[in-house]
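Trainee: Build me a model:
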Amino acid sequence: MTLHTNQGDIVIALNAAKAPHTVNSFDFLAGQKFFDGSHCHRLTTQGIYVLQCGDPTGTGTGGPGYQFKDENLNGAAYPAGTAAMANAGPNTNGSQFFLVYKDTTLPPSYTPFGTITSGLDVVTKIAAGGDDESNGAGDGRPKIDVVLEGVTVTAG
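Mentor: So this is what the prediction gives:
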């Protein structure tokens, strides 16, 4: 999957074997151009180190109108380069996801569905720009605006 952003492309190797519902959902949403023009709305720079995207409203509350079950949680870890689903509790996956730019410790509650193979430098550059702390210290909108101009999923 390639996230075409205004800051550069981010390529993610999807793990369809361990997260088939998640990968199929991304394929469907990308085909519908669901993500096109959406802003990555959250950057955390303290405690956890993630850039969160996938909300068409840019508020952190939007989604595709459906939810699906968690996958691939047994032994889940979130080292730098991980792509995982954001959620509002168990089995509430939708369209929001996060990209880990620095090793992060989280409980195994977020479906890891892929690994960044190219473009981690893009995410790191965005993170270095900081956040506006609108959600508290080290948590808010990225100061460097990030727009998903398009998302493509190709068979690997």
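
Trainee: Let me see the contact set for residue 21.
Mentor: Going by C-beta atoms under 8 Å, 6 or more residues apart in numbering, residue 21 touches 68, 69, 71, 93. Where C-beta positions appear, they are placed from N, C-alpha and C, glycine not excepted.

Trainee: Tell me both backbone torsions, phi and psi, for it.
Mentor: Main-chain torsions, residue 21, degrees, to the nearest 10: phi -70, psi -40.

Trainee: who are the neighbours in contact with the nearest residue to residue 81 once chain neighbours are set aside?
Mentor: Of all residues not flanking residue 81 in the chain, residue 116 sits nearest, at 4.3 Å (C-beta to C-beta, 6 or more residues apart in numbering). By C-beta under 8 Å, 6+ apart, the contact set of residue 116 is 10, 11, 12, 81, 82, 83, 99, 123.

Trainee: Show only the entries of those residues found in strands.
Mentor: 10, 11, 12, 82, 83, 99 (DSSP state E).
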